[in-house]
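A.B. asks: here is a sequence with its predicted model. Questions after.
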Amino acid sequence: MKIPSSRHLARRLGALLLPLALLLTSLGAKAQIIRDAVSWSHSVEDKSPTEKVIVFSATIKGDWHLYGTELPSGGPTPTSLIVDKIAGAQLVGKLTASKKPIEKHDPNFDMTLRFYSGQVSFRQTLRITDPKAFAFSGAIRYMVCNDEQCLPPTNWDFTIALKELGKVAAAPAAEQTEAKAEATPTAEVAQPLTVDSTQQAADSAAVAPAEPSNAASALWTPVISELKAYGDRALSGADSGLLMLFFAGFVGGLVALVTPCVWPMIPMTVSFFLKRSQDRKKGIRDAAIYGLAIIVIYLALGLSVSALFGADALNNLATNAYFNIFFFLLLVVFAASFFGAFEIVLPASWTTKMDQKADSATGLVSIFFMAFTLALVSFSCTGPIIGTLLVQAATSSSGFLAPAVGMFGFALALALPFTLFAIFPGLLQSMPKSGGWMNSVKVVLAFIELALALKFLSIADLAYGWHILDREVFLSLWIVIFILLGLYLLGKLRFPHDSPQEKTPIPALFLAIVSLSFAVYMMPGLIGAPLRAISAFAPPLKTQDLNLYKNEVHAQFDDYETGMAYARQVGKPVIIDFSGYGCVNCRKMEASVWIDAEVKKLLEQDYVLITLMVDDKKPLAEPMVVQEDGHEVKLRTIGDKWSYLQRVKFGANAQPFYVLLDHQGKPLAPSRAYDEDVPAYISFLKGGLSEFASRTK
């Protein structure tokens, strides 16, 4: 086979790298105040003069979901009734929901969870014992999550007035006794208990808080303006999910261009438009309309997916075990096709009809049908890319527009060459000719599809608890796949449609080095290395049997004022880590960033690390009543207190959230949210140390 020119090889190098770029594309989330994920109201149903039903109605917005009343321990906070005061009445039974919850295994929490979306009501029965003394107040405690983040447990306060009950009468003594027997621990009655804090570091035992533990303390003074003065992107930045999804779609479109189904169509189609009219301007216009028609077709596909399923259904579908098994099998079938086992094509009658429509129609309609024919003919090559892109859109938190934005990026990349080559026809002469190199692109895509297929199988495996694809098995398969890819690029493996290769092209050599090096990089993961580059794809580290890695970072304090007092005593700056027991991204940061040797050294030796769990359910010694946005808010648990601190002092309520402080509680640098960029995190910590040193002087 003739060795291609260096220019053609460079293009080939770019074409083969694009699938790897698509594989490693991931979405991030910014910390910001989110206050309206759920709206609550209450009403009273008149069951009888002696029994009333209090109905708490919740409207859950967007792609958030509200957890049910019964959840396994160690997971997110269940919805529950907190009673601050009850007189002249007794609770009967437990808090019950108006509909059956969605129940499925959550791979992030590794447990089966029950939750609601849309609208749901919770009912609590009251038996009236003394109408004249009636009083009932408390809160609904709840927690909401979406696919990217969880908000800390929140209380919605309520007070039921006697006039809301309508006609009332005292229940007979026998019924009151029965009500006491039926009462359940679902309703948490607030009572003063001593806070049982986690064991602190040994050298902190004698340190007493220098400031009172309430919101009036100087340490609680808001510093939102100071953070914004630093250009704090975690507070002011919008979610970049749609932009990243557009980029992923655009990269996918570029990959589709260099497949055998699309690449040969470019010169043929452009030449057709330029020759069909003596007017070159008209030919360019028609080619541009052709490109626009491609965009419209794929954009319509994205909008149709959103309209048919909706954002909530897409999210549920993307995490559904059956769907992930189906997509695993589908990608394996496409990979086998790309390897050359068989050819997947849509029914010939479809393309024949489109060709006939294009021939019989005129003007814009003819061009549209030509674009539709391209979409059908290229399906065998573009199908896996489009399917993967739609799944990525479904797992995005960007809602209804996500599939459309992803498909727009894909279509734009696919349509650009037809317009550009029509405007600059001379470039057609420099295009690499179709040949054996295009089959090499298909085979590389087949290896990438196999790797992606394992990700979908992993989701199903975690959901069912099969434990057939634990982390070491997953990594072993990926290592083998990328070793085989490297051998293929070196010419050591050949497939049915490959052309004979006498020598290894230089670009293929470099790509083989990348693939084989990636396989070697993953090998330490078999004994527990974190492997930050693929942490979003591999199963959790806890699924691995052999884990020799013990280099974890633990906070010195779990109390804000105590930790600040100790920092003043030892003369070190403070890093506040707002975290949660149910925060998945917090665990990712701890496993991929904090384990870095330099980050670990900075956190343990140069800072006082205070981790505040916003979902800590241990009650405060006594409830605290504070003001927030002109309303009274009652803080009942330690988690409530730290969540309030994060909202009021720092203007955020998503976790993880990191902020560096001096001894007066003033920020030393802009805050940081979830971001697995280790060098940036090191710069963040070192910048805080420099600022602290200058203030200390």
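C.D. replies: Good, I have the coordinates.

A.B. asks: flag the shaky bits of the stretch 151-300 of the chain, pLDDT-wise.
C.D. replies: For the stretch 151-300 of the chain, applying pLDDT under 70 flags the ranges 171, 173-217, 232-242, 260, 270-279.

A.B. asks: 80 instead, please
C.D. replies: Low-confidence segments of the stretch 151-300 of the chain, defined by pLDDT under 80, are located at 152, 169-218, 230-245, 258-284, 286-287.

A.B. asks: would you map the helices across it?
C.D. replies: The residue ranges that make up the helices of the stretch 151-300 of the chain, judged by DSSP state H, counting those that start in this stretch, are 173-182, 224-229, 233-236, 241-257, 265-275, 280-318.

A.B. asks: may I have the fourth one as PDB, with CA atoms only?
C.D. replies: Taking only C-alpha atoms (Å, rounded to 0.1, in the frame of the first residue of the first chain), the coordinates of helix 241-257 have been written out as PDB:
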ATOM      1  CA  GLY A 241     -23.100  21.900  31.000                       C
ATOM      2  CA  LEU A 242     -24.700  23.100  27.800                       C
ATOM      3  CA  LEU A 243     -21.400  24.500  26.500                       C
ATOM      4  CA  MET A 244     -19.600  21.300  27.300                       C
ATOM      5  CA  LEU A 245     -22.400  19.300  25.700                       C
ATOM      6  CA  PHE A 246     -22.200  21.400  22.500                       C
ATOM      7  CA  PHE A 247     -18.400  20.800  22.500                       C
ATOM      8  CA  ALA A 248     -18.900  17.000  22.900                       C
ATOM      9  CA  GLY A 249     -21.400  17.100  20.000                       C
ATOM     10  CA  PHE A 250     -19.100  19.100  17.800                       C
ATOM     11  CA  VAL A 251     -16.200  16.600  18.500                       C
ATOM     12  CA  GLY A 252     -18.500  13.800  17.700                       C
ATOM     13  CA  GLY A 253     -19.500  15.400  14.400                       C
ATOM     14  CA  LEU A 254     -15.800  15.700  13.500                       C
ATOM     15  CA  VAL A 255     -15.300  12.100  14.200                       C
ATOM     16  CA  ALA A 256     -18.300  11.200  12.000                       C
ATOM     17  CA  LEU A 257     -16.800  13.200   9.100                       C
END
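
A.B. asks: so what secondary structure elements neighbour that helix?
C.D. replies: Judged by 3 or more C-beta pairs under 8 Å, 6 or more residues apart in numbering; DSSP states H and E, the packing partners of helix 241-257 are helix 6-23, helix 379-394, helix 402-423. C-beta: built from backbone N, CA, C; applies to glycine.

A.B. asks: so which bits of that helix are buried?
C.D. replies: When neighbours are counted by 16 or more other C-beta atoms under 10 Å, the buried residues of helix 241-257 are found to be 241-242, 244-257.

A.B. asks: and the residues you listed, which is closest to C586?
C.D. replies: The closest of these to C586 turns out to be G241 (C-beta to C-beta; 19.4 Å).

A.B. asks: neighbours of the nearest residue to T696 once chain neighbours are set aside, how many?
C.D. replies: Nearest residue to T696, sequence neighbours excluded (C-beta to C-beta, 6 or more residues apart in numbering): G571, at 7.6 Å. Applying the criterion other C-beta atoms under 10 Å, we find 10 residues in the vicinity of G571.

A.B. asks: and G571, what are its phi and psi?
C.D. replies: Its backbone dihedrals place G571 at phi 70, psi 40, with angles given as degrees, to the nearest 10.

A.B. asks: and for Y521?
C.D. replies: Here Y521 shows phi and psi, under degrees, to the nearest 10, equal to phi -60, psi -40.

A.B. asks: list the contacts for it?
C.D. replies: Listed by C-beta atoms under 8 Å, 6 or more residues apart in numbering, the contact set of Y521 reads 531, 533.

A.B. asks: pretty sure D470 is touching T543, no?
C.D. replies: Yes. Between D470 and T543 there is a contact under C-beta atoms under 8 Å: 4.2 Å.

A.B. asks: spit out the contact partners of the closest residue to L301 other than its chain neighbours.
C.D. replies: If the residues on either side of it in the chain are set aside, L301 comes closest to M407, at 5.7 Å by C-beta to C-beta, 6+ apart. Taking C-beta under 8 Å, 6+ apart as the criterion, M407 is in contact with 249, 298-299, 301-302, 386, 389-390.

A.B. asks: can you rerun that using 6 Å?
C.D. replies: The contact partners of M407, taken as C-beta atoms under 6 Å, 6 or more residues apart in numbering, are 298-299, 301-302.

A.B. asks: that's a strand at I610, yeah?
C.D. replies: Yes. Judged by DSSP: H, G, I helix; E, B strand; the rest coil, I610 forms part of a strand.

A.B. asks: which element is the nearest residue to it once chain neighbours are set aside on?
C.D. replies: The shortest distance from I610 to any residue other than its chain neighbours is 3.8 Å, reached at G563 (C-beta to C-beta, 6+ apart). Secondary structure here is read from DSSP states H and E; on that basis G563 sits in helix 560-570.

A.B. asks: now for that helix, which elements pack on it?
C.D. replies: Other helices and strands packing on helix 560-570, by 3 or more C-beta pairs under 6 Å, 6 or more residues apart in numbering; DSSP states H and E, are strand 608-613.
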